[in-house]
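**Student:** Fold the following.
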Amino acid sequence: MLFGINIYGLVQGLGFRPFIYNLALKHFLKGYVSNNGEGVYIELNTTYKKLYKFMEQIQLKKPPLSKIEYFSITLKNDIKKFENFTIKESQESFSISTMIPSDIAMCKKCEIELNDKNNRRYQYPFITCTNCGPRYSIIKNLPYDRCNTSMDKFKMCDKCKKEYTNPKDRRYHAQPIGCFDCGVELSIYDKGKNKLEINSKNYIDDIVTHIESGKIVAIKGIGGYHLVCDATNTKTVDLLRERKYRPYKPFAVMVKNIVMAKTIVTLNDKEKELLSSHKRPIVLCQQTTKSNISDLIAPNINQLGVLLPYTPIHTLILNKLNNPIVATSANISGEPLCKTFDEIMNLSHIWDYCLDNNRDIINSCDDSIAFVENDKTFMLRIARGYSPNYLKLPKNTNKKILCLGANQKSTIGIVIKDKMILSPYIADLNSLETINRFKSQIDTFKKTYNFEPEIVVCDKHPSYESTKYAIELKKQNPNLELIQVQHHYAHILATMAINNISSKVLGVSFDGTGYGDDNNLWGGEFLICNNNSYKRVAHFNYFKLLGGTLAIKEPRRVALSFLFDIYGKDALNISNKTINSFSKEELKILYTLWEKNINSPLTSSCGRLFDVVASLLNIVQVSSYEGESGLLLESYYDSSITDYFQFDINNKIIDFKCIVIQILKEKNHFIAISKFFNTLVQIIYEMGEKYKLPIVLGGGVFQNRVLIRLLIEKIPNIILPKEFISNDSAIAYGQAIAVV
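**Tutor:** Numbers count the residues shown, from 1 in each chain. Down below sits the predicted model:
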């Protein structure tokens, strides 16, 4: 009998075909295996009994990084007899829906070879195999074959070709394969953009010398460039902050191994596992008190983002340097990660030397960021190692849907059949460069997946660049259906979907600001909803953002708005940290804005309430990065303080003014901040008790570790965006759920 088998899922670029080949030989089966646009296809001459055993072994012994979503088996009417089992060239397929593998950290076998003086790839900075290395960042098109990647310009030497064509070799069809004779090459440039003549075997030594001497180095990685320096050198870290115009936002630190990580952070088993995984995200951990890294790495906070090396280059550098290094994205603040030579050269005012290579990055991909609370993993950024992200939808659709997400933490997604393909984190759509990268990501997905949207979905905010782009697409193609989905509803739908929930829930959507149905800026919302509809049942009382978007960057403006709400003009004569941070002239102008409603939009944002507390207690008056208030407040939380502030919920309105009055009376910062956190938890708890529905969390405020920890303790069955993001990068997924 002749059987055709389609295997769908993450089955390309991970050694799946040679696995099938060797398994078939072991079972004495005849036929062939190939890639196509939907996954892996197999034809076999066999019996039902042998087929069943073969399929059982595929599922039990599949390559460790692969993921089988489902498979289909067809008894074919063709009369075809195979003499052996072979691996065929990839098949063309018009309907492309296969998963593109993520970029994968260097595996143990390659690391052993990297350090083996007798191996021909000893200290080769781009060593890789089917179990590791670049994937998504180098792919131009599907199927995932070398000719469809940025490796197509490198002609394999005889030794590499022999490995590449041998199904029994772990480098069989490892598309990034190469060596010193035929692979990717390093080069070093100085600030003057001059290429330095250095013996090829001394590139790493030279870079290590520069880092040790206090220089800042740009290093081309898998999905983009890093800015790197010695994390123990305060003078250099300070210089990096000055050059990058990044005064306080924490830097990530790359360490050689778990042993080195333990010298700067405390680690539980889950954090060790996450750090060491093949995804290698940045993991936020508690700083140790005796760390040797500079105090300027993460000023005024008790957390530190650490990651282990995930490329051979990182490993070679850290092995010789034996010191933690800053490893931060090479970009201008708010703009996308540099991925090309020209882009990194535009930042030559920041770095002293650049370690470059001649393998093109097709798809940029920043570092992913995660943290662990209560043994659960929460993502702050989904990118390298996790992207593209393939997310299940509650039902199949024959419509091709493009979801454009929000404006901050931009991601886009496309819907094919029962799956959403979510892009890596792009950046905030606040600059021309980021908007161009956003459009480029859409074009990449359209090309790769042979995708032309029939429906485009966007946010309701008229000023979002993603919304403007959706309207532009509609103008270009009047037949395109345009759907707008409310921001906070999308947040809740994303968390519901990641937890396979479609029934009625009480959604708690706390974030910075999002456009509401009444044209105000929502952000402290309680919604009763399911996959089809939502009803707003409570929210924080509206307050004014004095100066509009400027208030988002200046917590003191939000706190001042509350002081005006409580005391009116008399607030001008009060002496406290918020009032004293302004000049008398500024206070008069801001009072006029408040009184006459000039450039003072109303908001219910919970994110801004963190700003209020931070300003009133003089923790921060003017933010230097998004979310600074919440991050700083975490450091003040005292778990021994269990009280909360009294609050009122009248006519579905949660009044925060009475909480502000209580904060003003509290002299102890630790008590005030701890009670603030406890109050938010108590509000959510009481709303849950009122409606007796599953509580689902969504929105950027739920990236706060203290708040998540307290909610899990208070409401153990609360539904969280675990293994996923809660910020605006989740919006595109929520939009997809709303329209399928």
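
**Student:** Tell me where the longest strand sits in the protein.
**Tutor:** Counting residues, the longest strand found in the chain (DSSP state E) is strand 389-403.

**Student:** can you pull the buried residues of that one?
**Tutor:** Neighbour counts over strand 389-403 (16 or more other CB atoms under 10 Å) mark 389, 390, 391, 393, 397, 400, 401, 402, 403 as buried. All C-beta spots, glycine's among them, are computed from the backbone N, C-alpha and C.

**Student:** Residue 381: which of those is nearest?
**Tutor:** residue 389 (11.6 Å; CB to CB).

**Student:** Pairing-wise in the sheet, spell out the partners of the closest one.
**Tutor:** Under DSSP bridges, the beta-bridge partners of residue 389 are residue 422.

**Student:** and the chain, what are its domains?
**Tutor:** Annotated domains of the chain cover 2-87, 186-357, 388-498+728-739, 540-714 [automatic domain parsing].

**Student:** Can you check the distance spanned by the first one, start to finish?
**Tutor:** In domain 2-87, first residue to last residue: 17 Å (CA to CA, to the nearest Å).

**Student:** In the host helix or strand of residue 537, which residues have enough neighbours to count as buried?
**Tutor:** According to DSSP states H and E, residue 537 maps onto strand 534-540. Buried residues in strand 534-540, counted by 16+ other CB under 10 Å: 534, 536, 537, 538, 539, 540.

**Student:** CA-only coordinates of it, as CSV, when you get a sec.
**Tutor:** Only the C-alpha atoms of strand 534-540 are listed here, as CSV (Å, rounded to 0.1, in the frame of the first residue of the first chain):
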residue,chain,number,x,y,z
TYR,A,534,-17.7,43.2,26.1
LYS,A,535,-19.3,45.5,28.6
ARG,A,536,-17.4,48.0,30.7
VAL,A,537,-18.6,47.5,34.3
ALA,A,538,-16.1,49.6,36.3
HIS,A,539,-13.1,51.9,35.9
PHE,A,540,-10.9,54.3,37.7
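
**Student:** Packing partners of it?
**Tutor:** Using 3 or more CB pairs under 8 Å, 6 or more residues apart in numbering; DSSP states H and E, the elements in contact with strand 534-540 are strand 521-529, strand 653-655.

**Student:** List the neighbouring strands of the last one plus their orientation.
**Tutor:** The strands beside strand 653-655 in its sheet (DSSP bridges) come out as strand 534-540 (parallel), strand 648-650 (antiparallel).

**Student:** List the neighbours of that strand that are in contact with it.
**Tutor:** 524, 538, 539, 540, 541, 647, 648, 649, 683 (CB atoms under 8 Å, 6 or more residues apart in numbering).

**Student:** Could you do the first one as well?
**Tutor:** Contact with strand 521-529 is made by 487-489, 492-493, 504-516, 534-540, 545, 601-609, 654, 687, 691, 693, 699, as judged by CB under 8 Å, 6+ apart.

**Student:** Would you mind writing the PyMOL command to select the buried ones in those?
**Tutor:** To isolate the buried members of the contacts of strand 521-529 in PyMOL, using 16+ other CB under 10 Å:
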select buried, resi 487+488+489+492+493+505+506+507+508+509+510+511+512+513+514+515+516+534+536+537+538+539+540+545+601+602+603+604+605+606+607+608+609+654+687+699
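
**Student:** if I look at the residue lying farthest from the centre of the chain, how far off is residue 324?
**Tutor:** The outermost residue of the chain relative to its centre, with distances by CA atoms, centre = their mean, is residue 79 at 49.6 Å. Computed as CB to CB, to the nearest Å, the residue 79 to residue 324 distance reads 65 Å.

**Student:** And residue 739, by the same measure?
**Tutor:** Distance from residue 739 to residue 324, by CB to CB: 46 Å.

**Student:** who's more crowded, these two?
**Tutor:** Counted by other CB atoms under 10 Å, residue 739 and residue 324 do not tie: residue 324 has more neighbours, with 25 against 17.

**Student:** got a list of what that one touches?
**Tutor:** 230, 231, 232, 253, 254, 255, 256, 260, 264, 292, 293.

**Student:** Now do the helices in the stretch 101-250 of the chain.
**Tutor:** 108-114, 158-164, 203-212, 234-244 (DSSP state H, counting those that start in this stretch).

**Student:** from the chain's centre, how far out does the following helix or strand past the longest one sit?
**Tutor:** Using DSSP H and E, the helix or strand that follows helix 234-244 in sequence is strand 252-254. Taking the mean C-alpha point of strand 252-254 and that of its whole chain, the gap between them comes to 16 Å (CA atoms, centre = their mean, to the nearest Å).

**Student:** what about the strands in the stretch 251-400 of the chain?
**Tutor:** 252-254, 265-266, 282-287, 303-307, 325-329, 353-357, 369-373, 376-381, 389-403 (DSSP state E, counting those that start in this stretch).

**Student:** circling back to that earlier point, what's the closest of the helices of the stretch 101-250 of the chain to residue 440?
**Tutor:** helix 234-244 (23.9 Å).

**Student:** what is the mean pLDDT for the closest one?
**Tutor:** Across helix 234-244, the average pLDDT comes to 97.

**Student:** just stretch 253-262 next, same as before
**Tutor:** Stretch 253-262 comes out at a mean pLDDT of 97.

**Student:** so where's the stretch 1-150 of the chain shaky on pLDDT?
**Tutor:** 91-97 (pLDDT under 70).

**Student:** And the strands in it?
**Tutor:** Counting by DSSP E, counting those that start in this stretch, the strands of the stretch 1-150 of the chain are 2-10, 30-36, 39-45, 67-76, 85-87.
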